[in-house]
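*Asks:* Starting from these lines, generate the structure:
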Amino acid sequence: MSVSSKVIAPCQAGCPVRTDAGRYARLVAEGRYDEAYEVICRANPFPSVCAHICQRPCEKQCRRGPLDAPVGIRSLKRFVVQHARRPAPGPCAPEPAASGRVAVVGAGPAGLTAAYDLRLRGHRASVFERLDRPGGMLNVIPRYRLPQEALDADVAAILATGIELTCGWEAGENTPVAELLERGFDAVVVATGLSRSRGIAVPGFGAQRFTAAIPWMADVWLGKKVDVGRRVAVIGGGNVAADVARTARRLGAEQVALICLESREEVPAEPQEIALAEGEGIRLLPRQALKRVLNRDGQIAAIELMSVVSVFDEAGRFRPTYDPSRIRTLSVDMVILSIGQAPDRSWARGTAVRADERGRIVVDRETHLTSHPRVFLAGEALRGPGSAIQAVADGHRVAEIVARFLELGEVARPAAAEVAPLDPFPEDVLERLRRLATVAAEAEPFAASEPSLDEAAARREGGRCLACLAGAVIDETKCASCLTCFRVCPLDAVEIGEAMRANPARCQACGVCASVCPAGAISLACWDRAAGEWATLPAPASRETGGTVAVVCRHDGGSPAGADEIVAVPCLARLRPVDVLGLFRQGYRTVALHPCAEEQCKYGAAWKNIESVAGCASALVRGAWPEARVEVCLPAGEGGPVGSAQET
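*Replies:* Okay, here's the model as predicted:
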């Protein structure tokens, strides 16, 4: 595969909004949290929300996964939003005279993202929300998963751009969307999500304490009084069902059962959510279907469950089959139904927006345009059930379409970004990469469901990123084809053809090739950023006695005692003699090199290049500064005890 702008890291390709997760992971490893926050926010106006509830499609694509485990990208994002200094939000520049007015119905992630993007383009955006607060269905996610302050922080930053917000406004027969057009809005974006729970036709449906998940959760997390039984059955196997079950348990239910059609392997909820639920004493009853509700004196006494033979047919379509001869009875006093959500389409009444024979809104899914020339549909109301980050992506997309409509008077599908993920690692590269230690955090069952990393753990986790596409790039105009890089590469990443090139599927950015290239034809993006910081190091306190600067491995270097300054680099093997000499020119008289242990080295034997670089630098520097020293501080097992120094 040739390296081009169309090839991106798999983690970035897996993200619906194309967040450069690898970049901010490496920035965390370098301690550059403010810059990491900027990288996150370039693509996502909901950084705090996604730091808690994102379903982590990036981690599922991480090239480190087959080696040991994916980089904890969501945990790193949470660390960044908790530790970065956020820029103070403020209004956008005044709108130009020709700016358009857009009404957005729904203040969930899709609607707010669309309003935010349109505002940044200079258009006026007004958001109308049914609830008494912005956030849409994010408000009904349990606080132990999404703290209120995280949602509030993101919403405040979005609204601070100058977006007008009206809460308690519900579209329908009394307040139709057509009214917004009559009030002078040039376009309307409807992003009302899936705010209704689906029902089920079984005997006993509608009894007291037989309720739907969405209104029940809304009452819980919007501060209203709710009823909860002692023995609760939650019908459904998705993430919402798991949330409902865990919430009921927290509200005092003594027994909670999560009942679903699917087998344990087929359950649509994230495996982590099921594990957390079971860890709280919730029973998972797979391959069971609700047959009927048994009432006694108007109260639920029990439910009958029927065995499920299969959920999907041979074509993979949802078509459950049952075994009516296998019936079990479960004693419960409350049933909460969570078998899916549906959109509220009452907003379309009294408008020219058409629906099909099944009541579904007629819409062009590519341009988001309904049958009305100025009404657009977005988010789950268009796509169906999805994650918050998918809704954000849809908000970006509809904003681009509406902005083009306002500015050029045309509705067109946005140009598709032609990207391809980087190839997986070849098997031989996986075999040669070493596993790095990670921090295993303990669960806090009644606080956040995923504890935050401390700074040391976050930097180590960020250092686990394998720097996909941040490795060696060979400048053909400088390359002399001497084959030095080919000989020294520890992962056989350099390929010989019409020109020398580093295969990005193999390269791990150790930098050995760049350190020995006589023509200076090789650059590494991840190294060049770190090396650029050297020029900003403060001068030693005393120019006469100089000082000590320690150069450490970013992944395992620690904080050496006795050093006046510490420089962390991706790999010490990338050092050139001229880099070491540069530190002496800044006034330092001792340069201590602290490589990691060979068995912990991310690049195998690459670190062995360090001694030759140190020896060359020491020989060059003695003529100018006789008192100067270059020390290689070997870890335990590499020629001396931990911290022992060998002067070269």
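
*Asks:* Contacts only, for Gly395.
*Replies:* Gly395 is in contact with Pro109, Ala110, Gly111, Leu112, Thr113, Ala114, Tyr116, Asp117, Ala191, Ala378, Gly379, counting by C-beta atoms under 8 Å, 6 or more residues apart in numbering. To be clear about C-beta, it is placed using only N, CA and C from the backbone, and glycine gets the same treatment.

*Asks:* Name the helix or strand of this structure that has the lowest mean pLDDT.
*Replies:* When the helices and strands of the chain are scored by mean pLDDT, DSSP states H and E, strand 644-647 comes last with a mean of 49.

*Asks:* Drop anything exposed from the contacts of Gly395.
*Replies:* By neighbour count, with 16 or more other C-beta atoms under 10 Å, the contacts of Gly395 hold Pro109, Ala110, Gly111, Leu112, Thr113, Ala114, Tyr116, Asp117, Ala191, Ala378, Gly379 as buried.

*Asks:* what ranges of the stretch 201-350 of the chain fall below the confidence cut-off?
*Replies:* Low-confidence regions of the stretch 201-350 of the chain, defined by pLDDT under 70, span residues 205-207.

*Asks:* Could you pull out the strands in it for me?
*Replies:* Along the stretch 201-350 of the chain, counting by DSSP state E, counting those that start in this stretch, strands occupy 210-212, 231-235, 255-259, 283-285, 288-296, 299-312, 318-331, 334-337, 341-342.

*Asks:* tell me which residues of stretch 74-92 are tucked away?
*Replies:* Across stretch 74-92, burial judged by 16+ other C-beta under 10 Å covers Arg74, Ser75, Leu76, Lys77, Arg78, Phe79, Val80, Val81, His83, Ala84.

*Asks:* repeat for stretch 354-374
*Replies:* Buried, per 16+ other C-beta under 10 Å, within stretch 354-374: Ile361, Val363, Thr367, His368, Leu369, Thr370, His372, Arg374.

*Asks:* biggest separation within those residues, which pair?
*Replies:* Farthest pair in the buried residues of stretch 354-374 (C-beta to C-beta) is Ile361 and Arg374. Separation: 14.6 Å.

*Asks:* re the thing from before, identify those among the contacts of Gly395 that sit within helices.
*Replies:* Among these, DSSP state H puts Pro109, Ala110, Gly111, Leu112, Thr113, Ala114, Tyr116, Asp117 in helices.

*Asks:* Dump those residues to JSON lines, plus distance to Gly65 and pLDDT.
*Replies:* Listed next are the ones in helices among the contacts of Gly395 as JSON lines, based on distance: C-beta to C-beta, whole Å; pLDDT from 0 to 100:
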{"residue": "Pro109", "distance to Gly65": "27", "pLDDT": "97"}
{"residue": "Ala110", "distance to Gly65": "29", "pLDDT": "97"}
{"residue": "Gly111", "distance to Gly65": "34", "pLDDT": "97"}
{"residue": "Leu112", "distance to Gly65": "32", "pLDDT": "98"}
{"residue": "Thr113", "distance to Gly65": "29", "pLDDT": "98"}
{"residue": "Ala114", "distance to Gly65": "33", "pLDDT": "97"}
{"residue": "Tyr116", "distance to Gly65": "32", "pLDDT": "96"}
{"residue": "Asp117", "distance to Gly65": "32", "pLDDT": "96"}
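
*Asks:* Hmm, Leu382 is touching Thr367, no?
*Replies:* No: under the criterion of C-beta atoms under 8 Å, Leu382 is not in contact with Thr367, lying 10.8 Å apart.

*Asks:* between the contacts of Gly395, which is closest to Pro142?
*Replies:* Closest approach to Pro142 among the contacts of Gly395 (C-beta to C-beta): Pro109, at 16.9 Å.

*Asks:* can you tell me which helix or strand Arg18 belongs to?
*Replies:* Assigned by DSSP states H and E, Arg18 belongs to neither a helix nor a strand.

*Asks:* Low-confidence regions, the protein specifically.
*Replies:* Residue ranges of the chain with pLDDT under 70: 1-5, 88-98, 173-174, 205-207, 434-451, 525-545, 554-558, 598-608, 635-648.

*Asks:* Quickly list the domain ranges of it.
*Replies:* 11-87+425-463, 101-194+344-408, 197-341, 472-528, 537-647 (automatic domain parsing).

*Asks:* okay if I get those domains as TSV plus distance to Ala417?
*Replies:* Shown next, in TSV, are those (distance: least, C-beta to C-beta, whole Å):
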stretch	distance to Ala417
domain 11-87+425-463	7
domain 101-194+344-408	11
domain 197-341	27
domain 472-528	19
domain 537-647	29
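
*Asks:* Pro414: which of the ones you listed is closest?
*Replies:* domain 101-194+344-408 (4.9 Å).

*Asks:* quick check, nearest of the buried ones among the contacts of Gly395 to Glu455?
*Replies:* Nearest to Glu455 among the buried ones among the contacts of Gly395 is Pro109, at 29.1 Å by C-beta to C-beta.

*Asks:* show me what contacts the nearest residue to the closest one once chain neighbours are set aside?
*Replies:* Leaving aside its sequence neighbours, Pro109 sits nearest to Ala391 (C-beta to C-beta, 6 or more residues apart in numbering; 4.1 Å). Listed by C-beta under 8 Å, 6+ apart, the contact set of Ala391 reads Gly108, Pro109, Ala110, Thr113, Ala191, Gly193, Gly379, Glu380.

*Asks:* do the same with Cys167
*Replies:* Ala107, Glu129, Leu131, Asp132, Arg133, Pro134.

*Asks:* what about the residue lying closest to the last one once chain neighbours are set aside, neighbour count?
*Replies:* Right, the one you point to is Pro134. Nearest non-adjacent residue to Pro134, counting by C-beta to C-beta, 6+ apart: Ala107, 3.8 Å away. Residues near Ala107, counting by other C-beta atoms under 10 Å, number 31.

*Asks:* Just confirm Ala107 is within a strand.
*Replies:* No: counting by DSSP: H, G, I helix; E, B strand; the rest coil, Ala107 is not part of a strand but coil.

*Asks:* Stretch 228-236: which residues count as buried?
*Replies:* Using 16+ other C-beta under 10 Å as the test for burial, stretch 228-236 gives Val228, Gly229, Arg231, Val232, Ala233, Val234, Ile235, Gly236.

*Asks:* And the first one, how far from Thr211?
*Replies:* Counting by C-beta to C-beta, to the nearest Å, the gap from Val228 to Thr211 is 10 Å.

*Asks:* For Asn139, grab phi and psi.
*Replies:* phi -70, psi -20 (degrees, to the nearest 10).

*Asks:* One more: Gly562?
*Replies:* Here is the backbone geometry of Gly562 (degrees, to the nearest 10): phi 90, psi 0.

*Asks:* Could you check how many residues crowd around it?
*Replies:* 9.

*Asks:* shouldn't it be in contact with Thr548?
*Replies:* Yes: judged on C-beta under 8 Å, Gly562 makes contact with Thr548 at a distance of 6.3 Å.

*Asks:* re the thing from before, let me have the contacts of Cys167 in CSV, extended by secondary structure and distance to Ile401.
*Replies:* What follows is those, written out as CSV (DSSP: H, G, I helix; E, B strand; the rest coil; distance: C-beta to C-beta, whole Å):
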residue, secondary structure, distance to Ile401
Ala107, coil, 20
Glu129, strand, 22
Leu131, coil, 26
Asp132, coil, 30
Arg133, coil, 28
Pro134, coil, 23
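
*Asks:* max-length helix in this protein?
*Replies:* helix 388-408.

*Asks:* Please identify the buried residues of that one?
*Replies:* Counting neighbours by 16+ other C-beta under 10 Å, helix 388-408 gives 388-406 as buried.

*Asks:* and what of stretch 345-352?
*Replies:* Arg345, Ser346, Trp347, Ala348, Gly350, Thr351.

*Asks:* do the same with stretch 295-307
*Replies:* Applying 16+ other C-beta under 10 Å to stretch 295-307 flags Asn295, Ile300, Ala302, Ile303, Glu304, Leu305, Met306 as buried.
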